[in-house]
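> Okay, predicted coordinates and the sequence, questions at the end:
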Amino acid sequence: QVELVESGGGLVQPGGSLRLSCAASEIIDSTYWLYWIRQAPGKVREFIGTIAWNGGSIYADSVKGRFTISRDNAKNTVSLQMNSLKPDDTATYYCAADRKYYGTEPHEYYYWGQGTQVTVSS
């Protein structure tokens, strides 16, 4: 059973940056896609992006150009660098892992982290 643990959330002013990390308890091998998903209060889950073993990544239009996903396969970690943050980015951010690529709609991925809160406010 793989455990995913996110860290790095917090309060940031609009226009600021934040970097989230997600550490896996076991090796996430090359068959896994790593996802970042977010959910704001009262809203449905939103796909942010995903990254393949080779570093190829796909992003939602809402974050494209502002957010960057990276993974360190040797350290079993995936990161989300968030720049130019907006109040609308306020949400709980989750990392997830699955052997399948499900496109840009959120899915019930096989492994989930517990989430980390990001609040963008002045």
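Structure's in. What do you need?
> Not counting sequence-adjacent ones, nearest residue to the residue most central in space within the chain?
The centroid of the chain falls nearest to residue 36 when counting by Cα atoms, centre = their mean (2.4 Å). Leaving out its chain neighbours, the residue that sits closest to residue 36 by Cβ to Cβ, 6 or more residues apart in numbering is residue 48, at 4.2 Å. Yep, even glycine has a C-beta here, placed from its N, CA and C like the rest.
> Need the contact partners of the helix or strand encompassing that neighbour.
Assessed by DSSP states H and E, residue 48 sits inside strand 46-51. With contact meaning Cβ atoms under 8 Å, 6 or more residues apart in numbering, strand 46-51 is reached by 33-40, 57-60, 62-63, 67, 69-71, 78, 80, 91, 93, 101, 104-106.
> which among those residues end up buried?
For the contacts of strand 46-51, a neighbour count by 16 or more other Cβ atoms under 10 Å gives the buried set as 33-38, 57-60, 63, 67, 69, 71, 78, 80, 91, 93, 106.
> and the contacts of strand 46-51, which of them are in strands?
Cross-referencing the contacts of strand 46-51 against strands under DSSP state E gives 33-39, 57-59, 67, 69-71, 78, 80, 91, 93.
> quick one: contacts for residue 88?
Residue 88 makes contacts with residue 120, as judged by Cβ under 8 Å, 6+ apart.
> just checking, it is part of a helix?
Yes - under DSSP: H, G, I helix; E, B strand; the rest coil, residue 88 sits within a helix.
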